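Participant: what's the 3D shape of this:
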Amino acid sequence: MTAEGLPMTVPAQDLPDRVRIHEVGARDGLQNEKSAVPTEVKAEFIRRLADAGLTTIEATSFVHPAWVPQLADAEDLFPQVADLPVALPVLVPNQRGLDRALALGARRVAVFASATESFAKANLNRTLDESLAVFEPVVRRAKDEGVQVRGYVSMCFGDPWEGAVPLHQVVRVCRALRDMGCDELSLGDTIGVATPGHVLELLSLLNEEGVPTNVLGVHFHDTYGQALANTYAALEHGVTTVDASAGGLGGCPYAKSATGNLATEDLVWMLHGLGIDTGVDLGRLVATSAWMADQLGRPSPSRTVRALSHKDQ
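Facilitator: Numbering: from 1, shown residues only. As a prediction, this is how the structure comes out:
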């Protein structure tokens, strides 16, 4: 990649100096793939992401294979990448999933909650309160083992069955996860309907209700082209953790209107242009996503990957 493949740096005032990208491509990005991705390809993907400078790479999910067949190889995959000098969070849906993750030495886990009743029913076949009750002993045991716990909250901004989600409902779930012991919360715009004002309103209300900004991350989908705008709003509020998926891979198997996650390359292009440090080598990241697109047999959804790959041809 030539110097033309780097944005001009023009810092903006009152934004963070550094952002930690929570890379979800290997888990969230691949979970929807209809054809099985070989374990060796997933492991190589994670290794290349680490080589590109990403320091937090969500590796897999210890769910029952019947739920997400693409991630049925978690026990085989995790040992292949466990020696990498990066954080490798894994998703655990219940006590059994936590047992499997701990047995392999996982030190960072995540639980996946919902801000709405409809999605809790579709995703976990439980009511919202029943699902939180399942997570409580999981989080408690993980903390007892000295493991860091992230709480995902899906449908924070809109739900395909319920429409707009009341802010106080999202706050209630976030506070419940914090009270359980979650170290970090990721606010998910699962169907991509959020807009910047909505993002700022939720972040402000969370602060008012005792959830500090420094434990919050944001996870935007680009269904309506709003992911980068929403990310910028979150940065203005002081958020320094942003979820993204290399190449823009991913969606949600239980929310059919959910298109791909925010592409990590698109995010890095914006952050680097703003003078915000990420530690990521954009050229290596683009090459990684172009390689993964070849493995999957289709072009990368990321605009930045397409633009820079074309320049290098």
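Participant: the helices in the stretch 101-250 of the chain, which residues?
Facilitator: 117-124, 128-144, 167-180, 196-208, 227-237 (DSSP state H, counting those that start in this stretch).
Participant: in TSV, list those helices along with mean neighbour count, mean pLDDT and distance to Ser245.
Facilitator: The C-beta positions use only the backbone N, C-alpha and C, and glycine is treated the same way. Shown next, in TSV, are the helices of the stretch 101-250 of the chain (neighbours: other C-beta atoms under 10 Å; pLDDT from 0 to 100; distance: least, C-beta to C-beta, whole Å):
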stretch	mean neighbour count	mean pLDDT	distance to Ser245
helix 117-124	20	87	19
helix 128-144	17	96	24
helix 167-180	19	98	22
helix 196-208	17	98	19
helix 227-237	21	98	10
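Participant: what's around the residue nearest to Asn207 when sequence neighbours are not counted, how many residues?
Facilitator: Using C-beta to C-beta, 6 or more residues apart in numbering and skipping the chain neighbours, the partner closest in space to Asn207 is Thr213 (6.3 Å). Residues lying near Thr213 (other C-beta atoms under 10 Å) number 15.
Participant: is it true that Thr213 touches Leu235?
Facilitator: No. Checked against C-beta atoms under 8 Å, the pair Thr213 and Leu235 is beyond contact range at 10.8 Å.
Participant: Asp17 - how many residues pack around it?
Facilitator: Neighbours of Asp17 (other C-beta under 10 Å): 9.
Participant: tell me the contacts of the residue nearest to Asn207?
Facilitator: Applying C-beta atoms under 8 Å, 6 or more residues apart in numbering, one finds that Thr213 lies in contact with 203, 206-207, 237-239.
Participant: what is the nearest of those residues to Leu91?
Facilitator: Using C-beta to C-beta, Val239 is the member of the contacts of Thr213 that lies nearest Leu91, at 21.4 Å.
Participant: just the pLDDT at that closest one, thanks.
Facilitator: pLDDT for Val239: 98.
Participant: before we move on, what about the one 3 residues further on?
Facilitator: Predicted confidence (pLDDT) for Val242: 98.
Participant: what about it, distance to Asp277?
Facilitator: 13 Å (C-beta to C-beta, to the nearest Å).
Participant: who has more neighbours, the two?
Facilitator: Val242 (25 against 12).
Participant: surely that one and Val24 touch.
Facilitator: No. Val242 lies out of contact with Val24 (C-beta under 8 Å); the separation is 10.5 Å.
Participant: helix/strand/coil for His22?
Facilitator: strand (DSSP: H, G, I helix; E, B strand; the rest coil).
Participant: can you give me the strands in this protein?
Facilitator: Secondary structure of the chain (DSSP state E): strands at 20-23, 56-57, 60-61, 90-91, 108-114, 148-154, 158-159, 163-164, 184-189, 216-220, 241-244.
Participant: name the helices or strands packed onto the second one?
Facilitator: Other elements packing on strand 56-57 under the criterion 3 or more C-beta pairs under 8 Å, 6 or more residues apart in numbering; DSSP states H and E are strand 20-23, helix 39-51.
Participant: what of the third one?
Facilitator: If contacts are counted by 3+ C-beta pairs under 8 Å, 6+ apart, strand 60-61 sits against helix 74-81, strand 90-91.
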